[in-house]
Every structure is written in structure tokens, then in C-alpha cells.
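>>> Show me the folded form of this:
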Amino acid sequence: MQATLRSSISFAGVGLHTGQHVRVMVKPAAPHFGICFKRVDVADCDALIPARYDLVPESRLCTMLRNGAGVTVSTVEHLMAAFAGTGVHNALVEVNGPELPIFDGSSAQFVRGIIACGLQRQEAEIHAIEVLKPVTVRDEPAHASLSPADGLTMCFTIEFDDVAIGRQTRTADLANGRFVRELCDSRTFCRQVDVDTMRVNGLARGGVPGKNAVVVDGDAVTSPGGFRHADEAVRHKMLDAFGDLALAGAPLLCHYEGFRAGHMLTNQLLRTLFATPGAARMVKCTPAQASRLPGVGVNIADLAAGVLSHSRPIQAFHPVM
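Numbers count the residues shown, from 1 in each chain. Below is the predicted model:
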């Protein structure tokens, strides 16, 4: 069955690129509502922005959504991953600024807030998008593909000249809470040269190395505390891809493979999937399929047994009764 939140949850923090302090209220929503953002600071035009792949404009450093009125909200991928990874199908996300908070650079705070709040099951069947034949997109040397599978599995490879990252590959079957246990606390990372470039161009105003991003410079990790995992970089890339795939509008039944893929390539992959005749279809999940979706069975024990023990204490969410 579909699920929404038991009550509203509020979050507050700073946007990575704008540096603006922002408040977010995540509210329960009716069955089949899906995920939708609302800019509560916008009053003179349509402020609703559905979380859909076809509303993503060119935005390489994060995932942005833009509605027909030109209203945008950016850095949505970490929250989208948290929704998919905890089994939230329907929610309204009210935000009073153009960018969601970055917190520690991962999905951890969103995940903990959702699990602490709890879910409300709804009298509506879960629909999923079943991939029927392989599709691939390329931006050499990067490429990404989707192929048929019973659930959602991923394989991701990254390759950087910086020795501190190098080449990393990780695979995962994202069924039954694995996202929560293995991926959700992995933080965004960048090279020092990229940080310098972004700041020259007025970006990364809210970035604080060690607090909300891991910064590397050649063979050195310059952020205090270093990486949480030896392969945290590829784990975070999988987190991003998972959040970007959640913009398909329903859970995906497929295998995703990415090599040096970023936000735009994953978005192009979804566009190609839905533009290719016979490549995908919407289905009602069978009990077996529903039982293997990423958010099924997630509970507080996954937090205790999982990787969130590395995270800072989380106090930014507040259930609203």
C-alpha cells in the first residue's frame, strides 16, 4: 500500500549554493498525490512544483526543478532519495526559499526525521515503472543505463585523478532498507580546485568543508575528520542517482548502471526511457515486487545498526502534530 507521513515535519538549515537559511515543512498528502514542492515565499504566480524528471532544467551541480511559471527549487536530490529510501509515496514539501538545506551533505537528517515521524499506510495500491528493455545515454567518457530487473539494483563507478578518491565501484540491491543502512549518510564531495571555481562564480556560499562537504586536494582529504567510509565518494554518487531516479514519479523496477554519471546524465536517462517506445510500462506492484521496494520494512533499528552512527546529532527536524 502507498504511504505518507503520520504528521508534518519541519527542517531548517542553509542552502549549499545560495548560503541562505531556509525552512522546510514536509506535510502528509493524499493517495496518488506523489511528491510536490511549494515555494511559500512566492505569492504572485504558481508556486507548486511537482517532483518530475521533465521539470529538471540544465543544472549540473545539483538537481533543480522548475515549473511552467519559472519558479524553481534546487538541491532536491537528497530529500527525494530519503523519500524513496523510506517508502514515502505522497508528501507536500513547503519551502521558503529557492534551495533545500544541505545539512551535512547527505540524506541522513531527512531520513532520521521521516523515520522518527513514522508513516501512515494508505488505501491505495503501489504502482511502479517496470523497465522492459535496456536504454543507455552517453556523454563520453560518462555513461548511464537502465535494464530490466525485478527490483531496483545499482552499480556505480567513479574515476578521479585525485588519489584521495581514485577509482571506486560499488553495487547494491536497494531492497528493504539498504539505502538507509549503507548510503544515506554519505556526503557530497568535491575537489579544492572546484570549490575555488564555484566561489569565484558566486556558488557554494553555504559550503563549509567538514560540515557539509568533503573536500579533497590531490592525495589529501582537507576536511576535518576525513571520509566516513573508504568509498564514501561512490556511495554519495549512488545516493544522488537514487534521488534523481525518484523523479520518475513512481518506484523503478530496473538495474541502473552509471560510470562517471552526474545529475544531468541520469535525468537524460529518464527522458530517454520514457521517450523510447516499449521501454517501460506502469504496473501495479505484485506482493513480491512491493516487498522488495527500497523503503519496505525500514525502522529505527536500521538507524541503530546502520551507518548513521557516523553522523552528527540531528536536532533540525520537529514533528508537527
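>>> only C-alpha atoms for contact and neighbour calcs from this point on.
Noted.
>>> Quick one: the helices in the protein, in order.
77-86, 108-117, 178, 192-200, 232-245, 263-275, 287-290, 300-305 (DSSP state H).
>>> I'd like these laid out as TSV, including mean neighbour count and mean pLDDT.
Formatted as TSV, those follow (neighbours: other Cα atoms under 10 Å; pLDDT from 0 to 100):
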stretch	mean neighbour count	mean pLDDT
helix 77-86	26	97
helix 108-117	23	94
helix 178	19	91
helix 192-200	14	70
helix 232-245	26	97
helix 263-275	20	97
helix 287-290	14	90
helix 300-305	14	66
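>>> With distance to His127 as new columns, can the ones you listed be given to me in TSV?
Below are these laid out as TSV (distance: least, Cα to Cα, whole Å):
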stretch	distance to His127
helix 77-86	13
helix 108-117	21
helix 178	21
helix 192-200	40
helix 232-245	15
helix 263-275	16
helix 287-290	9
helix 300-305	25
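>>> Looking at these, which is nearest to Asp185?
Closest to Asp185 of those is helix 108-117 (Cα to Cα; 4.9 Å).
>>> Nearest to Ile9, out of the helices of the chain?
The closest of the helices of the chain to Ile9 is helix 108-117. By Cα to Cα, the value is 7.1 Å.
>>> other SSEs contacting the closest one?
Using 3 or more Cα pairs under 8 Å, 6 or more residues apart in numbering; DSSP states H and E, the elements in contact with helix 108-117 are strand 8-14, helix 77-86, helix 300-305, strand 318-320.
>>> how about the CA coordinates for it, as PDB?
Provided in PDB are the C-alpha atoms of helix 108-117 (Å, rounded to 0.1, in the frame of the first residue of the first chain):
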ATOM      1  CA  ALA A 108      20.800  11.500   6.900                       C
ATOM      2  CA  GLN A 109      18.800  14.300   8.600                       C
ATOM      3  CA  PHE A 110      15.900  13.800   6.300                       C
ATOM      4  CA  VAL A 111      15.900  10.100   6.800                       C
ATOM      5  CA  ARG A 112      16.000  10.300  10.600                       C
ATOM      6  CA  GLY A 113      13.200  12.900  10.600                       C
ATOM      7  CA  ILE A 114      11.000  10.700   8.400                       C
ATOM      8  CA  ILE A 115      11.600   7.500  10.500                       C
ATOM      9  CA  ALA A 116      11.100   9.300  13.800                       C
ATOM     10  CA  CYS A 117       7.800  10.700  12.500                       C
END
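>>> Report the beta-bridge partners for the residue nearest to Phe227 when sequence neighbours are not counted.
Spatial nearest neighbour of Phe227, excluding adjacent residues (Cα to Cα, 6 or more residues apart in numbering): Val214 at 7.1 Å. As for beta bridges, Val214 partners with Phe189 under DSSP bridges.
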